[in-house]
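S.K.: Here is a sequence with its predicted model. Questions after.
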Amino acid sequence: MDAPSGSPPAPIPQLPTSSEQGRPHSPATTPPPPWRQLLHYVRPYRWVLLAGALLALLTSATGLALPLVARGLVNDLGHDRSITTPLLVMSVLVLANAGLGGVGSYLLKRTAESVVLGARRALTSYLLRLRISAVDRSEPGDLMARVTSDTTLLRSVTTDTLIGLGTGGLTMIATLVLMGVVDSALLAVTLAVIVCTGMVIWVIMPQVKKTIRRAQDSVGVMGASLERVLGSLRTIKASGAEHREEQAVHAAAHEAWRHSVDSAKWSALAGNMAGLSMQIAFITVLAAGGARVATGAIDIGTLVAFLMYVFYLMSPVQQVIAAATGYQTGTAAIARIQEAQALPAEPEAEPAPLPAPDAEPAALAFEEVCFRYAGELPYVHRAVSFTIPGRGLTAFVGPSGAGKTTVFSLIERFYEPTAGRIVLDGRELMRWEIPTLRAAIGYVEQDAPVLSGSLRGNLLLGNPDASDEELCKVLKTTRLDGLVAGLPQGLDTLVGHRGTKLSGGERQRVAIARALLRRPRLLLLDEATSQLDAVNEAALRDTVADVARTTTVLVVAHRLSTVTTADRIVVMDAGRVRAVGSHRELVAADLLYAELAATQFLTALN
């Protein structure tokens, strides 16, 4: 122990003022441009994508051959020749166009879905490694929107942008070349219309990108608003706040609608410019071509073939414009995905094995630890120091806000200290690999969360390989055996969303059993008995005392009656350690502890 019970707290050292808190951080890296990130997603499927693109080009080639065959057919009709061969060729081309187009479309759509799957896997894997500090600053609903809706947009950008730009661009060039072969004068008329349209679309595209990004951001805000309501629905109902929260969600939905409509307006304007340009081109070519037929410069078959190419040109032009619009959508989605992947995360590492049943208990020490959750917030810990030997029960007590729960968060490395050192088994915590560290710890949180699923799945969450014998022993230890016996499907009974089918005390016992199944060398219990009745609390207190004979157990307690028999009690106040000692020593030597004890004992007597 660092100080005798009742001794005055050590003077607080000069605390760091930097929001970075003096810890080394890797320099911020600039994310790659969206097109490069898109290629990264596509690279594993590049050969299938290439096959789909080749089929799309073959489909276009069969379509491009049709006007030439049609010109021959018209000329044969004019010269009273047989049209059987041209009709057969046209039929084969039409069937080939449909068959190749169908297969190519399937390959491209399948590849697009694979790209979405890859992006979702990568993003969810990263989000599961996020540091708790990053999660604290984020809205879960917005993060979910990035995994669901933003990754979905990669589907269209894969087919519309990459393939549409490639095949559409090549098809458009090939069509223009063939139009030049048919008649260069009419080609010049067509190009003039296309260039004018392209200039207009070039002006529109920045607005398309801006409105698409706003629309996607607003969907994230709506998701965050809805998650906020659903995550606290009982509180909202109990507060009679349904109508106000309903209005807030509706307002977020309306904002998403407004931005989506704005995006649709600009996207539709860009898309319709293609159709408008082709209609103008058709009318212009019809007028100019008719004049050239009248003067004898070209024959009627040439005009028909050229008009067919004008119609055929509409599809690749629309593909190219859709590719440009899709690229704006894709870049906005990729930017939001990159923002999520830029959040601070823990290093990627393989899971660590759990301690052996006979592993030595862990020894812990805090050395002048300072901590605050953010640079603009006050310090939660101010030069906190204490030493806990391996084995035994140590309790942390003190008024709310004293920093007791934060001790556990720092031990689990959910956060890193601003200054000072935390030492576990003689090694600084920063030198431990996070999976290895957490494998040695069993942690029961203050609200004892239970996940949706079966009771068995919750119990085995931290040790899926636990034997039936271990499971039965822990169930008996935590007095859950009676609960399991009364459930319709026993351990396979579903506990509901966040364990709503269990009582508060049952959820706490499930959380404790889950922690004990990990065979921890260090057991952290944060108000683990606050919702238990007196009988179960006494039984669990005996269990904890028994576990403490072979394990280092740390308990945060507000009810001092649960920790009076602890080997040592750490009294915290305003982020400092006031005193360390046994219950008897602290009642005699520390005023704050004596007041807490007197108040609680008096309350108990009343």
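M.R.: It's in. Numbers count the residues shown, from 1 in each chain.

S.K.: Please count neighbours and contacts with C-alpha atoms only from this point.
M.R.: Will do.

S.K.: quick one: contacts for residue 499?
M.R.: Residue 499 makes contact with 449, 450, 451, 452, 507, according to C-alpha atoms under 8 Å, 6 or more residues apart in numbering.

S.K.: and these, which are buried?
M.R.: 449, 450, 451, 507 (16 or more other C-alpha atoms under 10 Å).

S.K.: right, and out of those residues, which lies closest to residue 311?
M.R.: Closest approach between the buried ones among the contacts of residue 499 and residue 311, by C-alpha to C-alpha: residue 451, at 58.4 Å.

S.K.: Neighbours of the residue nearest to the closest one when sequence neighbours are not counted, how many?
M.R.: In space, and not counting its chain neighbours, residue 451 is closest to residue 498: 4.9 Å by C-alpha to C-alpha, 6 or more residues apart in numbering. When neighbours are defined as other C-alpha atoms under 10 Å, residue 498 has 15 of them.

S.K.: looking at this, residue 498 is in a strand?
M.R.: No - under DSSP: H, G, I helix; E, B strand; the rest coil, residue 498 sits outside any strand and is assigned helix.

S.K.: Can you give me the distance of it to residue 94?
M.R.: Residue 498 sits 58 Å away from residue 94, going by C-alpha to C-alpha, to the nearest Å.

S.K.: So which elements touch the longest helix along the chain?
M.R.: Identified as the longest helix of the chain according to DSSP state H is helix 242-295. Counting contacts by 3 or more C-alpha pairs under 8 Å, 6 or more residues apart in numbering; DSSP states H and E, helix 242-295 packs against helix 184-231, helix 300-341.

S.K.: State the mean pLDDT of the strand or helix carrying residue 508.
M.R.: Using DSSP states H and E, residue 508 sits within helix 504-516. Over the span of helix 504-516, the pLDDT mean works out to 86.

S.K.: Follow the chain on from it and name the next helix or strand.
M.R.: According to DSSP H and E, the helix or strand after helix 504-516 is strand 522-526.

S.K.: CA atoms only: put that next one into CSV for me.
M.R.: Provided in CSV are the C-alpha atoms of strand 522-526 (Å, rounded to 0.1, in the frame of the first residue of the first chain):
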residue,chain,number,x,y,z
LEU,A,522,-7.8,-10.3,-12.1
LEU,A,523,-11.5,-9.9,-11.5
LEU,A,524,-13.1,-6.4,-11.7
LEU,A,525,-16.6,-6.0,-10.2
ASP,A,526,-18.2,-2.6,-10.7
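
S.K.: Counting by contacts, list what that strand packs against.
M.R.: Identification of packing neighbours for strand 522-526 by 3+ C-alpha pairs under 8 Å, 6+ apart yields strand 441-444, strand 552-556.

S.K.: can I see the domain layout of this structure?
M.R.: Domains of the chain are assigned by automatic domain parsing as 34-341, 356-440+522-606, 450-519.

S.K.: chain center to the last one: distance?
M.R.: In terms of C-alpha atoms, centre = their mean, to the nearest Å, the gap separating the centre of domain 450-519 from the centre of its chain is 28 Å.

S.K.: distance between the ends of that domain?
M.R.: 19 Å.
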